[in-house]
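A.B. asks: no FASTA, just this:
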């Protein structure tokens, strides 16, 4: 998975009733766009993320 600063990260909910999470990639810590990514979610929470198979990168 490769991303750039400004791309959007969409993480699908894992259980019934849990919504998807949307965030903006604000830092890329891996080489050449590889994870981990520092993500600021829509609710303002920031987290260092190693996206799994339930995540999608959308160009920003």
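C.D. replies: Cool, the structure landed. Given the structure is predicted, the values throughout are model-derived calculations rather than measurements. Residues are numbered from 1 along each chain as shown.

A.B. asks: please make it C-alpha for all contacts and neighbour counts, starting now.
C.D. replies: OK.

A.B. asks: other SSEs contacting the host helix or strand of residue 39?
C.D. replies: Assigning secondary structure by DSSP states H and E places residue 39 in strand 37-41. Packing partners of strand 37-41 (3 or more Cα pairs under 8 Å, 6 or more residues apart in numbering; DSSP states H and E): strand 21-28, strand 46-49.

A.B. asks: okay, angle between it and strand 21-28 too, please.
C.D. replies: Strand 37-41 and strand 21-28 are oriented at 140 degrees to each other (axes from the mean of the first three to the mean of the last three Cα atoms, to 10 degrees).

A.B. asks: residues contacting strand 37-41, please?
C.D. replies: 9, 21-30, 46-50 (Cα atoms under 8 Å, 6 or more residues apart in numbering).

A.B. asks: give the buried subset of these as a ChimeraX selection command.
C.D. replies: Buried residues among the contacts of strand 37-41 (16 or more other Cα atoms under 10 Å), as a ChimeraX selection:
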select :9,22,23,24,25,27,28
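
A.B. asks: any idea of the pLDDT on residue 33?
C.D. replies: As predicted, residue 33 sits at a pLDDT of 95.

A.B. asks: would you mind measuring from it to residue 18?
C.D. replies: Shown here: residue 33 relative to residue 18, a distance of 29 Å by Cα to Cα, to the nearest Å.

A.B. asks: spatially central, which residue of this structure would that be?
C.D. replies: What sits nearest the mean C-alpha location of the chain, by Cα atoms, centre = their mean, is residue 9, with 3.3 Å.

A.B. asks: and it, what element?
C.D. replies: Going by DSSP H and E, residue 9 is in strand 8-11.

A.B. asks: neighbouring strands - and their directions - for that strand?
C.D. replies: Strand 8-11 pairs in its sheet with strand 21-28 (antiparallel), strand 55-58 (antiparallel), by DSSP bridges.

A.B. asks: and these: which comes nearest residue 2?
C.D. replies: With Cα to Cα as the measure, strand 55-58 is the member of the strands paired with strand 8-11 nearest residue 2 (7.9 Å).

A.B. asks: what's that closest one in contact with?
C.D. replies: Residues contacting strand 55-58 (Cα under 8 Å, 6+ apart): 1, 2, 3, 7, 8, 9, 10, 11, 12.
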